[in-house]
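[1] take a look and give me a structure for this.
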Amino acid sequence: MRHKVLSLDFMREPAAPEQDPEEGQERRERISRALKTAIAQELTDRQRSCVTLYYFEKKSQPEISRELGIGVPSVSKNLKRARKNLERVLRYAI
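    As a prediction, the model looks like this:
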């Protein structure tokens, strides 16, 4: 089963031609701040650990499972809940 991946690629994309480059950069910075705040404030400790290990340290779910001492289904569930929370927060930041 494949899970949806929260994509942060928009932060690397250049501004659209019709959009002022400064506005595009400002938007990316606003979203980046909202994402950092959401990770720090909106996620549980377990969700934050799973997100950090999975997205930033590029570890697999089985590796995270071993490191945190929880089952792979728990890792998957925490990532899913974290994505849902982050998506909700980012929807208002965009």
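[2] helix or strand: which one has Ala34?
    helix 21-41 (DSSP states H and E).
[3] now do the buried residues in the next helix or strand after that helix.
    On the C-terminal side of helix 21-41, the closest following helix or strand by DSSP H and E is helix 45-51. Across helix 45-51, burial judged by 16 or more other Cβ atoms under 10 Å covers 46-51. The C-beta positions use only the backbone N, C-alpha and C, and glycine is treated the same way.
[4] chain center to helix 45-51: distance?
    How far helix 45-51 lies from its chain's middle: 11 Å, per Cα atoms, centre = their mean, to the nearest Å.
[5] what is it packed up against?
    helix 21-41, helix 61-68, helix 72-93 (3 or more Cβ pairs under 8 Å, 6 or more residues apart in numbering; DSSP states H and E).
[6] and the longest one with helix 61-68, angle?
    Relative orientation of helix 72-93 with respect to helix 61-68: 100 degrees, computed using axes from the mean of the first three to the mean of the last three Cα atoms, to 10 degrees.
[7] just name whatever secondary elements helix 72-93 is in contact with.
    helix 21-41, helix 45-51, helix 61-68.
[8] most packed of those?
    Using mean count of other Cβ atoms under 10 Å, the stretch among the helices and strands packed on helix 72-93 with the largest mean neighbour count is helix 45-51, at a mean of 18.
[9] just the C-alphas of that helix, formatted as CSV.
    What follows is helix 45-51, C-alpha atoms only, in CSV (Å, rounded to 0.1, in the frame of the first residue of the first chain):
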residue,chain,number,x,y,z
ASP,A,45,6.4,14.0,20.2
ARG,A,46,6.0,10.6,18.5
GLN,A,47,4.7,12.2,15.3
ARG,A,48,7.5,14.8,15.3
SER,A,49,10.1,12.0,15.8
CYS,A,50,8.6,9.9,13.0
VAL,A,51,8.5,13.0,10.6
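[10] 255 is where my numbering starts, stick with that
    Fine by me, first position is 255 from now on; the one you just mentioned is helix 299-305.
[11] show the average pLDDT along that helix.
    Helix 299-305 shows a mean pLDDT of 96.
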